[in-house]
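S.K.: Predicted model, plus sequence, below.
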Amino acid sequence: MTTIEELTSWRVAAIEGKLPAPSRADRWQPQRAGVVNLWEYDAAEVWYADGRMQLQGANESGKSTLMTLTTLLLLAGDISGHNIDTLGASEKHFRYYVEPTDHALDRRDASTQKNRGWAWLEFGKGTDFFTLLLFAEARRADGTLKVQWCTASGTVRVRSGLSLVTAGLVADPAQFRDVPGFVVHPSGTAYREVVARTLYGTDEQWLNQLNRILRVVRTPQIGHKIDLKFLTESFRTALPPIAADEINQLADGWEQLQRLRDERDEATQALADVTEFSRRQWRPWADAVIRAAADPVAAATSTLTQITRQEKEASDTVERLTSESAALDKRRDEEGEACRTAIARRDALQQTSAYEDARSATANAQQLAERAEDAAKIAARSEEGARKAIAAMATARQQLGKAEENLISAERRVASAADHVTAQAAEAGLTGVTARYLPDYDTARLRQAAGLRTTAANRAVELISLHGKATEALAKATEQANTARGLLSTARRLAAARETAVENAINAVGHSVSGWAHALDERIRPSAEVVESWSSLVAELTAAPEPSPVLAMAINRDYLIPVRRPYDGQRVALENGLTTNDTERKALQERLDAAEAERDPRPRWTRLDYCRHG
C-alpha cells in the first residue's frame, strides 16, 4: 500500500529542484509530461505522483488540451483529428496548436513566421527512463507543417542532458544527434513499434487497440460518445473469463429483475395511457358518437314527416295523370289507325308502273338539260382560246428561237461557272458543299456556305494572330517564371542559411551570456530567472534593428544598475568622508603650522581668590 510520504515525495523533490524518481522497478510508470511552445504554453511541466495525476482548473484553462498533447497523441503516434479533438470528432487540426491564428479569441502572437514546439511524456522504471517526444514546426511562408516522432532512453532526461529550449529558442531534433539514447524515427509506424515493444512488450496492433480504448473513455460527456460494443469486446479480450455458472446465475437474476422492472413499467405506463386515453379520447369520442347518433334520428323524423306529405301529393298527382293518360292512349290509338290507312294508300300508288315511268323520265330530262348547257359553255371558251392561240403563235415562235439561243449560251456560262466554282471549292474547303448543291444549281445554299466559310476564315486569321501573340507572351512569361523560380530557390536557400546562421549566432550569444553569468562571483552573480529572461530576449533579437544595444540595455537595467546602486552609495559616502577628512586635515595642518610658528609661547595667568581660600 502506498504511504503518504511516498505520495508526497514528488512535491518535496519539486521544491528542492530535483527530478522525480520511479517508485517501482517491475514496470514502467509515468513520471512527467510537458509542453514547450505549443498552444498557449511557453514551457509547462506536470508531475505524476506515483503514476497518478489530477488536473484542476476552470473551463477553458487548458486541461483537456494538456491531456490531449501529452497522453493519447504521444501514445498513438498520429496527429489525425480524432486523436486531437477532446470530443472524439475530427474537426480540429494539430496545426492550430503549433501556429497562432488571427482569430479574436486567440490570445497568441500571430506575427511570427516560424513556430516550433515540443510535447513529451516521460516513463520511469528503476533507474531507467523512456521519454516520448513530438517535435512540430510550422512555416507561414510555404504553409508546411513538419512533424517528427522521437524517443529518448537510458539515463537521459528532459532538463537533465536534454534541453528542449536553448537561449530562449526551441531546439531542433538535429541538435540532439550526439545525445546517447536519443532517436528520431523515420515514420509514425516505426515510432509506434518502438513504443509498443519498449513500454508494453507487444506489437503495434495491440498498441493501436489500447489507443482506441483510450480515445473512447477519455472523452468528456462519455455517455453520449461511448461505444459499448467495442469496449465490451476489448475488455472480454483483455480480462480473464468468469465462471459460466456465475455468469448464468447473474444473467438469470438480472433477467428476472429486468422482467419485473419491465412489467412494472409497462403496468404503470398502461395505467397512465388508459387514464389519458379515457380523459382525452374515449369520453370526447363517446359524446361525439352520441351526438352524431341523435342528430340523424331527429333528421330522419323530420324527413319522414316531409316524405308522408310528399307521398300524399304524389298519390293525388298519380290519380290525375292516370285519367289523362287513359284519354291520351285512346286518342293515340285513333291517330295511329288513320296514319296506317294513309301509309297503305301511298304504298299502293308507288307500286303502279305509270308512277315509276314518270319519275324516271323527269330525272333523265333534267340531266340532259344540264349537259347541253355545259357543252355550250365549253364550245364558246374553246373558240375564244383558238382565236387567241392563233394570234400569239407567231410571237411565241420568235421568242422560242431567242430563248433557245439564250438557253444554249446560259448553259455554256453555267458550265464554265460550275467548273470555276468546283476549282475554287477545293481551296476554300467547300468540296462537300459544292458536290451536294452545285448539280442542282442551288446558288442560295452555295452563297450561304461561302459566307459562313469567309466569316470562319476571317476569325481563324484573327485567332492565328492572337495565338502567335499569346505564344510570344507565354514564352516571355515562361522565361520570367523560370527566372523567378530560380531567384525564389536561391532566396529560400539563402534565407535558410541565414536563418541557421542567425540561430547559431543567437545560441552562441545565449551560451556566452550564460557562461559570463556563471563566471561571476557568487556574491554578485545574477539569478537564474534573470539569466533566463536574457536568454529569452536573445531569441527575440532577430526582429530588432540593432540587437547589441537591446541586450546591453537589458543587462544594464536588470543587473549592472541594481548591483552598482549600493556600491555607488558607499562610494558617495566614502567620497564625502574623504572630503571631510581632507578639510579637517587642512585645518589641523593650519593649526600645526601656527603652533610651529609660535617660538615663545605666552604663559597663561590664573587669578586666585585668596579671600575664599584664607
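M.R.: Yes, it's here.
S.K.: can you give me the strands for this protein?
M.R.: Remark: strands assigned in the chain by DSSP state E are 29-38, 41-47, 114-125, 128-139, 145-154, 157-158, 161-162, 165-166, 169-170, 182-185.
S.K.: will you turn those into a markdown table that also has mean neighbour count, distance to residue 77 and mean pLDDT?
M.R.: From N, CA and C alone the C-beta is placed, and that goes for glycine too. Shown next, in a markdown table, are those (neighbours: other Cβ atoms under 10 Å; distance: least, Cβ to Cβ, whole Å; pLDDT from 0 to 100):
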| stretch | mean neighbour count | distance to residue 77 | mean pLDDT |
| --- | --- | --- | --- |
| strand 29-38 | 22 | 16 | 93 |
| strand 41-47 | 15 | 21 | 89 |
| strand 114-125 | 22 | 12 | 94 |
| strand 128-139 | 21 | 9 | 95 |
| strand 145-154 | 17 | 6 | 95 |
| strand 157-158 | 21 | 19 | 94 |
| strand 161-162 | 16 | 20 | 90 |
| strand 165-166 | 20 | 24 | 82 |
| strand 169-170 | 20 | 21 | 87 |
| strand 182-185 | 17 | 8 | 96 |
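S.K.: which one of those lies closest to residue 209?
M.R.: strand 128-139 (18.3 Å; Cβ to Cβ).
S.K.: about what we covered before: out of the strands of the chain, the one nearest residue 479 is which?
M.R.: Ranking the strands of the chain by their distance to residue 479 (criterion: Cβ to Cβ) puts strand 128-139 first, at 28.8 Å.
S.K.: Convert the closest one to PDB, retaining C-alpha atoms only.
M.R.: What follows is strand 128-139 as a C-alpha-only set of coordinates in PDB (Å, rounded to 0.1, in the frame of the first residue of the first chain):
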ATOM      1  CA  ASP A 128      15.900   3.500 -16.500                       C
ATOM      2  CA  PHE A 129      13.900   6.200 -18.200                       C
ATOM      3  CA  PHE A 130      12.000   6.300 -21.500                       C
ATOM      4  CA  THR A 131      10.700   9.500 -23.000                       C
ATOM      5  CA  LEU A 132       8.200  10.000 -25.800                       C
ATOM      6  CA  LEU A 133       8.700  13.300 -27.800                       C
ATOM      7  CA  LEU A 134       6.900  15.000 -30.600                       C
ATOM      8  CA  PHE A 135       8.500  17.900 -32.400                       C
ATOM      9  CA  ALA A 136       6.400  20.200 -34.700                       C
ATOM     10  CA  GLU A 137       7.400  23.100 -36.900                       C
ATOM     11  CA  ALA A 138       5.000  25.300 -38.900                       C
ATOM     12  CA  ARG A 139       6.000  27.900 -41.500                       C
END
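S.K.: quick revisit: output the strands of the chain in a markdown table, with distance to residue 98 appended to each entry.
M.R.: Listed next are the strands of the chain as a markdown table, based on distance: least, Cβ to Cβ, whole Å:
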| stretch | distance to residue 98 |
| --- | --- |
| strand 29-38 | 6 |
| strand 41-47 | 12 |
| strand 114-125 | 5 |
| strand 128-139 | 5 |
| strand 145-154 | 7 |
| strand 157-158 | 19 |
| strand 161-162 | 20 |
| strand 165-166 | 16 |
| strand 169-170 | 11 |
| strand 182-185 | 18 |
